[in-house]
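> Have a look at this prediction, sequence included:
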Amino acid sequence: MGLACSQIRLLTLTARKADCEYGISINSMEKMALTREQSQLSREYQSKLQSKQISYYANGQYNLMNYEYLMGYGANYLAITSGNQALKKDNSMILTDYKGQVVMSQKYANAITAVLGSSAMNVQGQGGTFSTEKIPEILAELIPGYTSEDFEKVINNEKIESSYEANPVQTTTGNSSGNSVTVDNSDKTTELLQSIVDFYYPIFQAAAANGWTTEYNKDMNLNDTYISDAINSGTFQLVTVNDEGNYDPDTSLTYFITSGLVESRTDSGVREEITAWYNAEKERISEKEDWLDIENQDLSTELESINTEIQSIQSLIDDAISSVFDWGSG
């Protein structure tokens, strides 16, 4: 090989040697980044395992906290009065946001604005305070079949006078006797409305005193865990409403947990899901590390061959230069 050709080959190998060394350096830095990513993944995994969901216990099982349990089923008061739905242990426990505004469903907001006017709610879905005297009208708007006067009487602990006409049926023949009888159902009607008032009144009383909002409704509808997550993060607050519609002090999440009103726990199904996610992420990092190891091994092998060939070519160049000087000295 001529001196010029050897020199060109040496320059080419030197350039490739630099590429290999650069590639090994970059891969080493990527491996260090993967090590940091693995450490971060482990911390996040432990954090997720320790994170709790806010639940309630009913019908023999733990249930993820939802709006209906805390705040009712809108106009469907039968869900509250029939006993077919789980009911919270304390009617004064309600849901607010971090600003103290009562978190209202759209049905509740519609009932309020129907009574107070559309200006009662701004474009962000927030409503201001209002007089508690309007609550009977709001309840009558929300729950058809009863008047504001009915609700006002129950709120004031008065009995509702109610009766209906019925025709008795003969037990032997199953036929109507044809004689109309007046049935007094005042006690039953009063009891029914009392159960409705017991549940709904603290909600609207707190809204009257502290304001209300519907701005979270979209997020709540799209994400089943939104309420639980928001309570844990502090975006939502659980509060208890006193007789004036204000919130009792020192009722933190810990208070509701230790009182047994709510549960804070990690669901086994969620734990399995978190573990599956962790294993998948760990496998991804491991595969990338293996790929980098293989690439570094290939680059190291190539670098070793390049160094051997550079030494050989350098030796040829040295010999060629030496022979020229030896020829001139002869």
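Perfect, I can see it now.
> What score does Ile135 have for pLDDT?
On the pLDDT scale, Ile135 is placed at 96.
> quick one: contacts for it?
151, 155, 201, 204-205, 208 (C-beta atoms under 8 Å, 6 or more residues apart in numbering). Any C-beta I mention is one placed from the backbone N, CA and C, and that applies to glycine too.
> what's the answer for Ile80, then?
72-73, 87, 195-196, 199.
> Look up how far Met104 lies from Thr258.
To Met104, Thr258 is 28 Å away according to C-beta to C-beta, to the nearest Å.
> Give me the more crowded residue out of those two.
Remark: of Thr258 and Met104, Met104 carries more neighbours, 28 against 10, as counted by other C-beta atoms under 10 Å.
> The contacts of Ile80 in strands, which ones?
Using DSSP state E, no member of these sits in strands.
> Using ChimeraX, define a selection of the buried residues within the residues you listed.
For the buried members of the contacts of Ile80, the matching ChimeraX selection, counting by 16 or more other C-beta atoms under 10 Å, is:
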select :72,73,87,195,196,199
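> Can you add distance to Ser28 and give the contacts of Ile80 back as CSV?
Compiled in CSV, the contacts of Ile80 are given as follows (distance: C-beta to C-beta, whole Å):
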residue, distance to Ser28
Gly72, 61
Tyr73, 60
Leu87, 62
Ser195, 70
Ile196, 70
Phe199, 65
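> The stretch 101-250 of the chain: helices as residue ranges?
In chain order, the stretch 101-250 of the chain shows helices spanning 106-116, 135-142, 148-155, 186-210, 217-222, 226-233, with DSSP state H, counting those that start in this stretch as the criterion.
> Any chance of JSON lines for the ones you listed, columns distance to Asp250?
Output for the helices of the stretch 101-250 of the chain, formatted as JSON lines (distance: least, C-beta to C-beta, whole Å):
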{"stretch": "helix 106-116", "distance to Asp250": "27"}
{"stretch": "helix 135-142", "distance to Asp250": "27"}
{"stretch": "helix 148-155", "distance to Asp250": "28"}
{"stretch": "helix 186-210", "distance to Asp250": "17"}
{"stretch": "helix 217-222", "distance to Asp250": "27"}
{"stretch": "helix 226-233", "distance to Asp250": "17"}
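> Deepest in the core, which of those is it.
helix 135-142 (a mean of 22; mean count of other C-beta atoms under 10 Å).
> Just the CA atoms of it, as CSV, please.
The C-alpha trace of helix 135-142 is given here as CSV (Å, rounded to 0.1, in the frame of the first residue of the first chain):
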residue,chain,number,x,y,z
ILE,A,135,-85.1,27.1,49.5
PRO,A,136,-88.8,25.8,49.7
GLU,A,137,-89.4,27.2,46.2
ILE,A,138,-86.1,25.6,44.9
LEU,A,139,-87.1,22.3,46.4
ALA,A,140,-90.6,22.5,44.8
GLU,A,141,-89.0,23.3,41.5
LEU,A,142,-86.6,20.4,41.8
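> gap between that helix and the chain center?
In this view, helix 135-142 has its centroid 32 Å away from the chain centroid, taken as C-alpha atoms, centre = their mean, to the nearest Å.
> So what angle separates the directions of it and helix 148-155?
Going by axes from the mean of the first three to the mean of the last three C-alpha atoms, to 10 degrees, helix 135-142 is angled at 120 degrees with respect to helix 148-155.
> Sketch out the low-pLDDT regions of the stretch 201-330 of the chain for me.
267-270, 317-330 (pLDDT under 70).
> could you pull out the strands for it?
212-213, 236-240, 263-265 (DSSP state E, counting those that start in this stretch).
> do the stretch 1-150 of the chain as well
Here the stretch 1-150 of the chain has its strands, by DSSP E, counting those that start in this stretch, at 53-58, 61-64, 93-97, 102-103, 126-127.
> Go through those and pick out the most buried.
Note that of the strands of the stretch 1-150 of the chain, strand 102-103 is the most buried (mean count of other C-beta under 10 Å), with a mean of 26.
> Which strands and helices lie in contact with it?
With contacts taken as 3 or more C-beta pairs under 8 Å, 6 or more residues apart in numbering; DSSP states H and E, strand 102-103 sits against strand 93-97, helix 186-210, strand 212-213.
> Same list, these, but as a markdown table with distance to Asn110 please.
As requested, the helices and strands packed on strand 102-103 are exported to a markdown table (distance: least, C-beta to C-beta, whole Å):
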| stretch | distance to Asn110 |
| --- | --- |
| strand 93-97 | 18 |
| helix 186-210 | 13 |
| strand 212-213 | 12 |
